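Peer 1: Provided below are the primary sequence and the corresponding predicted coordinates.
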Amino acid sequence: MTVTITKNNFDAEVAKSETPVLLDFWAPWCRPCLAISPILDEIAAEQTAVKIGKINVDEEPELAASFGAMSIPLLAYVKNGTVVNQSLGVVPKEKILEMIG
């Protein structure tokens, strides 16, 4: 499942989520972000044990800042409200699957 994350739904969808969440910090002008997006959509369709949350850094600068997202694409794997793993840049599907383990 892929969910658009905003400051309004962050608590419910990420901080208090019982399901681990892989956050994708992205922007529409970021070519690497657009390259990784279909991979994340594929993972979202295949995996039921993880939720994919997409955060547009232009629309949600406070959320981006709170995760220290200075460069994108940034993937942050969140379990029980805590970042347990993260990855910067475009990475292959296998690496993302390892990350969410």
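Peer 2: That came through, no problem. Numbering: from 1, shown residues only.
Peer 1: What sits closest to Asn9 if chain neighbours are left out?
Peer 2: Val3 (7.7 Å; C-beta to C-beta, 6 or more residues apart in numbering). (Glycine included, C-beta is placed from N, CA and C.)
Peer 1: Mind telling me what element that neighbour is part of?
Peer 2: Under the criterion of DSSP states H and E, Val3 resides in strand 2-4.
Peer 1: Give me the contacts around that strand.
Peer 2: Residues outside strand 2-4 that contact it (C-beta atoms under 8 Å, 6 or more residues apart in numbering): 9, 13, 40-41, 44, 51-54, 56.
Peer 1: From those residues, list just the buried residues.
Peer 2: Among these, those classed as buried by neighbour count (16 or more other C-beta atoms under 10 Å) are 13, 40, 44, 51-54, 56.
Peer 1: tell me the contacts of the spatially most central residue of the chain?
Peer 2: When C-alpha atoms, centre = their mean is applied to the chain, the residue found nearest the centroid is Leu23 (1.5 Å). Applying C-beta under 8 Å, 6+ apart to Leu23 gives the contacts 5, 14, 53-55, 67, 74-78.
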